[in-house]
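# next comes the sequence, and after it the predicted model I'd like to discuss.
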Amino acid sequence: MTDTVAQSAAAAKAAPDTMAWDSGLRRLMMIYLPLGCFVLILLFPFYWMAITSFKPNAELMNFKQHNPFWITSPTLAHIKHLLFDTAYPHWLWTTMMVAIGSTTLSLIASTLAAYAIERLRFRGSPYVGLGIYLAYLVPPSILFIPLATVVVQFGLFDSPLALILVYPTFLVPFCTWLLIGYFKSIPYELEECALVDGATRLQILRRITLPLAVPGLISAGIFSFTLSWNEFIYALAFIQSGANKTVPVAILTELVTGDVYQWGALMAGSLLGSLPVAIFYSLFVDYYVSSLTGAVKE
């Protein structure tokens, strides 16, 4: 009898340890391992760009004597060549101006469109919103040919202004859909009270709706800025001179001569070009997620 009780007590004592081990193993296999793989795959390109930017050419061209995943003798020669021997600062400035200009135009147009579709409730407004979003699904590889004709006819070819005016064609549809979902989360009773007090629609939009929709506006701005910064097809088709090129196009066309790839300068340009977008996302990621969640719920 005593032995049976002792065995039962020992089994009961061992059970929590077994369950804890099983729970810890399950957590490792279901959470930490997939998360670690995701982080590794996500961050490895940035790590590769960083180490390639600071590697001398001898290490880049000789993997047998040097570890390809580490730097033995770091150097700033590639970054110095990129900043002082090429027009990279001007490319960066042009890209920044194009991204800011197209983002501003897109936010203004999409805010007015989203507010009109969601609040004015005119006949066929849901179908208009759906049609605007479907326009976002049209691939740029189809649109850039007719857009090129329009750009040439208006005398904007080889001008950054062409990109500022063309980029909203694919930025406005998604931003409008995003803001429609966010405007739905704002109580309409606030606007009804303002209408009773004699406020106009523009006053309501400026003083009530927009202050409450700041997270959605920030999210749409981040989305527009990111797409404008990384856009390649339109920038390649509409810009010809090296001085007016944006960073994505310039580092590929100006830093590759024939079949010679300046890998150090290429990776340094890619790394420096990705920093502004990464900084924007890190600063406003909470607003971005909350606005997307509100848009999807509605």
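Sure thing, it's come through.

# quick one: average confidence on stretch 139-154?
Stretch 139-154 shows a mean pLDDT of 86.

# list the contacts of it.
With C-beta atoms under 8 Å, 6 or more residues apart in numbering as the test, stretch 139-154 has contacts from 157, 162, 166, 169, 170, 233, 234, 237, 238. No exception for glycine: its C-beta is placed from N, CA and C like everyone else's.

# mind redoing it with 6 Å?
Residues from elsewhere that reach stretch 139-154 (C-beta atoms under 6 Å, 6 or more residues apart in numbering): 157, 162, 166, 233, 234, 237, 238.

# next up, phi/psi of the second one, please.
To tie it back to what came earlier, the one meant is residue 162. phi -60, psi -40 (degrees, to the nearest 10).

# helix/strand/coil for the residue nearest to it when sequence neighbours are not counted?
Leaving out its chain neighbours, the residue that sits closest to residue 162 by C-beta to C-beta, 6 or more residues apart in numbering is residue 156, at 3.9 Å. The three-state assignment at residue 156 reads coil, by DSSP: H, G, I helix; E, B strand; the rest coil.

# can you report how many residues lie near residue 156?
17 (other C-beta atoms under 10 Å).

# quick one: it from residue 264, how far?
As judged by C-beta to C-beta, to the nearest Å, residue 156 and residue 264 stand 35 Å apart.

# ok so, going back, and the buried ones among the contacts of stretch 139-154, selectable in ChimeraX?
Buried residues among the contacts of stretch 139-154 (16 or more other C-beta atoms under 10 Å), as a ChimeraX selection:
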select :162,166,234,237,238
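
# can I get the contacts of stretch 139-154 in a markdown table with distance to residue 186, secondary structure and pLDDT?
Formatted as a markdown table, the contacts of stretch 139-154 follow (distance: C-beta to C-beta, whole Å; DSSP: H, G, I helix; E, B strand; the rest coil; pLDDT from 0 to 100):
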| residue | distance to residue 186 | secondary structure | pLDDT |
| --- | --- | --- | --- |
| 157 | 42 | coil | 91 |
| 162 | 36 | helix | 93 |
| 166 | 31 | helix | 93 |
| 233 | 36 | helix | 90 |
| 234 | 34 | helix | 92 |
| 237 | 40 | helix | 89 |
| 238 | 38 | helix | 92 |
